[in-house]
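Asker: Give me a model of this one.
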Amino acid sequence: MSRGVVLFWSIMIALMALDYASAPEPYRVEPAAFALGSGDMPAGGHCSGR
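Answerer: Predicted coordinates:
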């Protein structure tokens with residue numbers, strides 16, 4: 001691998017770790033983008049206008 005690829009992925013992983021560490025909760029609570037037969041109502045998607 002070239003140095004540029006290694007540098008890119010090192011920076012990407014560092015930024016993801018920083019984002020994860022700065023989050024107030026261990027995960028982001030977001031509605032599912034697609035329900036896909038889970039039985040959920042389609043009113044909770046990202047583009048629902050709410």
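Asker: Helices of the protein, start to end?
Answerer: Secondary structure of the chain by DSSP state H: the helices cover 3-22.
Asker: Residue ranges in it under the pLDDT threshold?
Answerer: 26-29, 31-50 (pLDDT under 70).
Asker: at 90 instead, please
Answerer: Within the chain, the set of residues satisfying pLDDT under 90 comprises 1, 19-50.
Asker: Residue 25: neighbour count?
Answerer: Residue 25 is surrounded by 6 other residues when neighbours are defined as other Cβ atoms under 10 Å. No exception for glycine: its C-beta is placed from N, CA and C like everyone else's.
Asker: what's the answer for residue 30, then?
Answerer: Using other Cβ under 10 Å: residue 30 sits among 9 other residues.
Asker: Please apply the same query to residue 8.
Answerer: Look at residue 8: counted by other Cβ under 10 Å, it has 12 neighbours.
Asker: Check the one 4 residues further on too.
Answerer: Residue 12 is flanked by 10 other residues according to other Cβ under 10 Å.
Asker: With the one 3 residues further on instead?
Answerer: For residue 15, the neighbour count with other Cβ under 10 Å is 10.
Asker: What distance do you get for it to residue 25?
Answerer: When distance is defined by Cβ to Cβ, to the nearest Å, residue 15 is 19 Å away from residue 25.
Asker: just residue 8 next, same as before
Answerer: According to Cβ to Cβ, residue 8 stands 28 Å off from residue 25.
Asker: cool, residue 18 as well?
Answerer: Taking Cβ to Cβ as the criterion, residue 18 is separated from residue 25 by 16 Å.
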